[in-house]
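# got a predicted structure here, sequence first:
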Amino acid sequence: MSILINFIYDDAGATAIEYGLIAALVAIVCVIAFTATGDTINDSFANISKDLCDAVGGTFSLTASGTDSCTFS
C-alpha cells in the first residue's frame, strides 16, 4: 500500500509533462500560422504570374486545382 501512496504523491515527471504540453501547443500554433501564411503567399504568386502574363500580352487562367497558365492567341 505504501508503494501506491508514494506513486500518487511523486511529482518527479511533472516538469517534463509540462514542457511536452507547451511544445505541443507551440507546434499547433505554428501549423495554423504556416497554413494561413501559405495561402497568402500562394495568392501573391498567382497575382505576380497574372501581371507578368498580362505584360507580355497573354491570357492568364488559374484552375481550381491551383495550377496556372499563360496562353497566347
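Okay, I see it.
# can you point me to the longest helix in the chain?
helix 14-55 (DSSP state H).
# which strands or helices does it pack on?
strand 59-62, strand 68-71 (3 or more CB pairs under 8 Å, 6 or more residues apart in numbering; DSSP states H and E). C-beta here means a position set from N, CA and C on the backbone, and glycine is covered the same way.
# look at Ala12 and tell me its secondary structure.
coil (DSSP: H, G, I helix; E, B strand; the rest coil).
# where in the protein is pLDDT low?
Applying pLDDT under 70 to the chain picks out residues 66.
# same thing but at 90, please
Where the chain drops to pLDDT under 90, the residues are 1-18, 35-47, 49-50, 53-54, 57-73.
# how close does the residue of it most remote from its centre get to Val29?
What lies farthest from the middle of the chain is Met1; by CA atoms, centre = their mean that is 49.1 Å. From Met1 across to Val29, the span is 44 Å (CB to CB, to the nearest Å).
# go on, Cys70?
Using CB to CB, we find Cys70 at a distance of 37 Å from Val29.
# of the two, who's got more company?
Cys70 (15 against 10; other CB atoms under 10 Å).
# and the residue nearest to the more buried one when sequence neighbours are not counted, how far from Ile28?
Closest residue to Cys70 apart from its sequence neighbours, by CB to CB, 6 or more residues apart in numbering: Cys53 at 3.7 Å. Distance of Cys53 to Ile28, given as CB to CB: 38 Å.
# looking only at neighbour counts, state which of those two leads.
Ranked by neighbour count (other CB under 10 Å), Cys53 and Ile28 place Cys53 first, with 18 against 10.
# residues in contact with the residue nearest to Cys70?
Applying CB atoms under 8 Å, 6 or more residues apart in numbering to Cys53 gives the contacts 59-60, 70.
# from those, which is closest to Asn47?
Phe60 (9.8 Å; CB to CB).
# mind listing what that closest one touches?
Applying CB under 8 Å, 6+ apart, the residues near Phe60 are 49-50, 53-54, 68-70.
# buried subset of those?
50, 53 (16 or more other CB atoms under 10 Å).
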